[in-house]
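Visitor: Kindly return the folded structure for what I paste below:
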Amino acid sequence: MTARVILADVMELRIIASRHSAFYSPLIATLGAGFLQREGLKATYRPLAPGERSHELIRRGQADVIQSAVSSNWPPLERGDEDLPVHFAQINCRDGFFLLGRTEEGAFKWRDLEGRVLLADHAAQPLAMLKFAAHLQGVRWDAIRVEDAGSPEEIQAAFRAGRGDYAHLQGPGAQQLAWQGVGKVVAAVGEAMPPVAFSSLMASRAFLAGGAAAAFLRAYARARQWVRCTPAKEVAESEASFFPGVPMEALTAAIARYQALGCWEGGLAISRELYEQALEVFAHSGAISRRWPYEEVVVAPPVSVD
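Guide: All right, here's what the predicted structure looks like:
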């Protein structure tokens with residue numbers, strides 16, 4: 001009880017998401033399903049604004065916990081930056097993007113992408129993962145007519161307007177378009193490639209040394225276990241306020257698909273094996289000049305909760 005009073009007096013956690021998606025349900029449910037409150041903590045949550053840099057927000061003390069990926073540390077390391085945040089807990093161990101095709105198409109094969117227009121998310125990690133999955137499926141990347149339609153919202157709008165044969169989107173965006181009859185989900189990128197350190201939580205080493213970090217991680221661990229095992233509709237109901245305008249059917253379908261994919265399986269610690277697989281993906285795309293050591297990017301969770 002004393003620890004909770006002290007924590008409440010010290011701070012309201014500032015949590016920022018590099019991307020806002022049902023893919024990050026373990027983090028969203030930490031707030032939406034009440035797990036933080038049970039630890040005596042309060043928090044604000046918002047997506048990263050255009051032009052903001054997650055590492056700078058943490059360095060300047062403007063954020064406490066940010067949803068990101070181990071790969072986000074590699075470009076600053078390539079530039080020689082120091083005093084970077086560290087990644088302390090896994091969110092997803094599989095890619096969370098889907099391929100959406102036109103409704104009139106038959107059974108999908110990855111090689112169907114060749115010669116067709118694909119509206120691909122061109123952010124560094126989504127594109128590197130998509131290229132790697134296509135490679136593993138025997139697809140010639142240079143045979144796909146890959147187009148950059150902009151942000152996820154712009155990709156959805158472009159596909160809805162009739163542009164492209166396929167779209168590359170996270171949930172619930174892909175499921176919402178399918179629910180609206182614009183297309184159908186034909187593949188999950190996460191099924192086409194091995195498990196990988198896709199997304200994680202990062203913070204400063206100073207924050208992780210404090211009591212608020214331990215309380216947050218206890219709440220997060222319970223939330224992650226809960227979204228794994230709870231019916232998708234119940235999880236969706238707890239998160240509905242975070243997704244205004246998204247039909248409950250689409251949000252539920254996205255969460256159910258992520259559960260089935262096993263995106264939230266495994267412990268909280270980011271394993272060396274998954275980290276090395278992420279390096280393999282980025283080496284394949286030529287996005288890194290060397291394999292950055294695990295110890296420079298990842299730390300163990302501040303408390304043992306597995």
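
Visitor: remind me which residues of the chain are low pLDDT?
Guide: Applying pLDDT under 70 to the chain flags the ranges 1-11, 105, 305-306.

Visitor: 50 instead?
Guide: Across the chain, the ranges flagged by pLDDT under 50 are 1-10.

Visitor: What ranges does it have for its strands?
Guide: Assigned by DSSP state E, the chain shows strands spanning 13-17, 43-47, 65-68, 86-92, 97-101, 117-119, 145-147, 166-170, 184-188, 199-203.

Visitor: how about these in JSON lines, adding distance to Y24 and mean neighbour count?
Guide: (Glycine included, C-beta is placed from N, CA and C.) Shown next, in JSON lines, are the strands of the chain (distance: least, C-beta to C-beta, whole Å; neighbours: other C-beta atoms under 10 Å):
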{"stretch": "strand 13-17", "distance to Y24": "6", "mean neighbour count": "21"}
{"stretch": "strand 43-47", "distance to Y24": "10", "mean neighbour count": "15"}
{"stretch": "strand 65-68", "distance to Y24": "6", "mean neighbour count": "26"}
{"stretch": "strand 86-92", "distance to Y24": "6", "mean neighbour count": "25"}
{"stretch": "strand 97-101", "distance to Y24": "13", "mean neighbour count": "26"}
{"stretch": "strand 117-119", "distance to Y24": "22", "mean neighbour count": "20"}
{"stretch": "strand 145-147", "distance to Y24": "25", "mean neighbour count": "17"}
{"stretch": "strand 166-170", "distance to Y24": "9", "mean neighbour count": "27"}
{"stretch": "strand 184-188", "distance to Y24": "16", "mean neighbour count": "20"}
{"stretch": "strand 199-203", "distance to Y24": "7", "mean neighbour count": "27"}
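
Visitor: Quick one: these as CSV, columns for distance to P126 too.
Guide: As requested, the strands of the chain are exported to CSV (distance: least, C-beta to C-beta, whole Å):
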stretch, distance to P126
strand 13-17, 15
strand 43-47, 16
strand 65-68, 13
strand 86-92, 12
strand 97-101, 6
strand 117-119, 12
strand 145-147, 12
strand 166-170, 7
strand 184-188, 13
strand 199-203, 11
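
Visitor: Now do the buried residues in stretch 96-115.
Guide: 96-102, 110, 112-114 (16 or more other C-beta atoms under 10 Å).

Visitor: Dump the residues you listed into a markdown table; add distance to E295 as well.
Guide: Listed next are these as a markdown table, based on distance: C-beta to C-beta, whole Å:
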| residue | distance to E295 |
| --- | --- |
| G96 | 26 |
| F97 | 29 |
| F98 | 34 |
| L99 | 35 |
| L100 | 39 |
| G101 | 42 |
| R102 | 46 |
| W110 | 36 |
| D112 | 42 |
| L113 | 38 |
| E114 | 41 |
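
Visitor: quick one: contacts for the nearest residue to R272 once chain neighbours are set aside?
Guide: Nearest residue to R272, sequence neighbours excluded (C-beta to C-beta, 6 or more residues apart in numbering): Y294, at 5.2 Å. Residues counted as contacts of Y294 (C-beta atoms under 8 Å, 6 or more residues apart in numbering) are 272, 275-276.

Visitor: Who wins on neighbours among those?
Guide: For those, the largest number of neighbours (other C-beta atoms under 10 Å) sits with Y275, at 23 neighbours.

Visitor: Surely it is in contact with V70?
Guide: Yes. Counting by C-beta atoms under 8 Å, V70 is a contact partner of Y275 at 5.8 Å.
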